[in-house]
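In: next input, structure requested:
(one chain, ligands or ions: 2)
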Amino acid sequence: MRILFYMPHSDAGAWLHDFARALPDAALREWQPGDHAPADFAVVWRPPREMFAGRDDLRAVFNLGAGVDAILALEHAHPGTLPRSAQIVRLEDSGMAPQMAEYVTHAVLRYMRRFDEYERQQAERSWKELDPHPRATFTVGVLGLGVLGAHVAKTLASFGLPVRGYSRSAKQIDGVSTYAGDAHFDAFLDGVKVLVNLLPHTLDTRNVLNTRTFAKLAHGAYLINVARGGHLVEQDLLDALARGQLAGATLDVFREEPLPPDHPFWQEPRITITPHISAVTLREDSVVQVARKIEAVMRGETVTGVVDLARGY
Ligand code: NAP
Ligand code: GLV
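Out: Ligands and ions are numbered 1, 2, ... in the order given. Model (predicted):
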């Protein structure tokens, strides 16, 4: 089988080496512009459109991330870009769920124990004890109960926090109050103290973090966005912070990445910024997962993680 690899800013040699060990019979090559030679599989992250030109031979495209918005954006902008023959398959956890749980738990506990405020007090050499937030009303709402959201919600519940979760289809998760579908969105948001976003970025979910959404949360709520920058209406966040409707935000993802140096978020002390690192793609785990799925496709079996192009995730 012939496998194309494309992942900008990565150590392609190390990836190809690991894939060669996992799939000794495969002919692997890093895709370069101008390469239109046949291939059976592509393993990619943020591929250029040209990579797919004339590739009706591809059986599957493996996305080296959980979110497939970049790859589907190619198809939206230029319908017909993605080969009809190929399934698009995304990473499922592959070591990202524990990372995401660590990141979100850290951010939630930082707000609950008011470390954000103590950090600002320290900068002013101010010694002042603050009343703790009562745990019983420090409700965390997790948008998206998929592979990552469900794990995050369960982890937060294990700290004894009240946790809600929201998804498209109904779910049952021990210790988590679940809500499903547009009709239950407002009930999910009502009085939430920390809103965590783990939705995929689709036509239905873009701009979901906006003034209307923030208004339904508890006054002085916090936002943690670890999904995509396109979910957040940036000016609405700045306005909500100015009004005190939101007390802080932890953002890992942005409409433009890297976040430009003159972006107003850098100047807002109540916004905590990280450079899209909440859950990174781990090479070893990802190679094993993708290799096992390639073998399954070769045997004619169905695999999980196949993207529904109509839903967008
Ligand atoms: P997933 O397993 O596909 O889960 C998506 C969840 O969102 C599902 O529960 C789904 O509901 C729900 N959902 C989708 N559209 C919805 C809608 N319109 N209304 C309500 N719920 C909706 O995805 P995942 O693996 O957990 O990953 C989630 C996202 O995290 C990715 O798409 C990516 O953007 C982001 N991510 C970020 C990083 C980072 O480093 N910042 C790393 C990895 C992933 P159903 O269960 O009913 O289908
Ligand atoms: C990272 O953002 C991913 O989608 O895996």
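In: contacts only, for residue 238.
Out: Residues near residue 238 by CB atoms under 8 Å, 6 or more residues apart in numbering: 264, 265, 268. All C-beta spots, glycine's among them, are computed from the backbone N, C-alpha and C.
In: and the second one, how many neighbours?
Out: I take that to be residue 265. The number of residues packed near residue 265 is 16, by other CB atoms under 10 Å.
In: swap in the last one?
Out: By other CB under 10 Å, 16 other residues sit near residue 268.
In: apart from its neighbours in sequence, what residue is nearest it?
Out: residue 241 (6.4 Å; CB to CB, 6 or more residues apart in numbering).
In: contacts for stretch 208-225, please.
Out: Against stretch 208-225 from outside (CB under 8 Å, 6+ apart): 104, 107-108, 111, 137, 139, 141, 143, 186, 189-197, 199, 231-233, 236-237, 239-240, 244-253.
In: with ligand 2 in mind, check whether that stretch reaches it.
Out: No: Stretch 208-225 stays clear of ligand 2 (CB under 6 Å from any ligand atom), getting no nearer than 11.8 Å.
In: show me what counts as buried in that stretch.
Out: 208, 209, 213, 214, 216, 217, 218, 221, 222, 223, 224, 225 (16 or more other CB atoms under 10 Å).
In: let's see which of those end up in strands.
Out: 221, 222, 223, 224, 225 (DSSP state E).
In: and the first one, what's its pLDDT?
Out: Spelled out, that is residue 221. pLDDT recorded at residue 221 is 98.
In: list the buried residues for the helix or strand where residue 76 lies?
Out: Element membership for residue 76, per DSSP states H and E: helix 69-77. Residues of helix 69-77 classed as buried: 69, 71, 72, 73, 74, 75 (neighbour count, 16+ other CB under 10 Å).
In: please apply the same query to stretch 163-181.
Out: 163-168, 171, 173, 176-180.
In: got it, and stretch 122-137?
Out: So for stretch 122-137, nothing qualifies as buried (16+ other CB under 10 Å).
In: dump it to CSV, keeping only the CA atoms.
Out: Output in CSV follows, covering the C-alpha atoms of stretch 122-137 (Å, rounded to 0.1, in the frame of the first residue of the first chain):
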residue,chain,number,x,y,z
GLN,A,122,0.5,39.6,43.8
ALA,A,123,1.4,41.9,40.9
GLU,A,124,0.3,44.8,43.2
ARG,A,125,1.9,43.3,46.4
SER,A,126,-1.6,43.1,47.9
TRP,A,127,-2.2,40.6,50.8
LYS,A,128,-5.9,40.1,50.9
GLU,A,129,-7.9,37.0,51.7
LEU,A,130,-10.8,36.4,49.3
ASP,A,131,-13.9,34.4,50.2
PRO,A,132,-13.8,31.0,48.4
HIS,A,133,-16.3,30.2,45.7
PRO,A,134,-18.8,27.7,47.2
ARG,A,135,-18.2,24.4,45.4
ALA,A,136,-22.0,23.5,45.4
THR,A,137,-22.8,26.4,43.1
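In: contacts with ligand 1 among the buried residues of stretch 163-181, please.
Out: 166, 167, 168.
In: which residues of the protein lie near ligand 1?
Out: So the chain meets ligand 1 at 66-67, 96, 144-149, 166-169, 198-202, 204-205, 226-228, 252-253, 276, 278-279, 313 (CB under 6 Å from any ligand atom).
In: which of the residues you listed fall in strands?
Out: 166, 167.
In: now residue 26: how far from ligand 2?
Out: 23 Å (CB to the nearest ligand atom, to the nearest Å).
In: return the distance of that residue relative to residue 60.
Out: Separation of residue 26 from residue 60 (CB to CB, to the nearest Å) stands at 13 Å.
In: name the residues contacting each of these two.
Out: Contacts common to residue 26 and residue 60, judged by CB under 8 Å, 6+ apart, are residue 294.
In: for ligand 2, what is the nearest residue in the stretch 101-250 of the chain?
Out: Nearest residue of the stretch 101-250 of the chain to ligand 2: residue 228, at 7.5 Å (CB to the nearest ligand atom).
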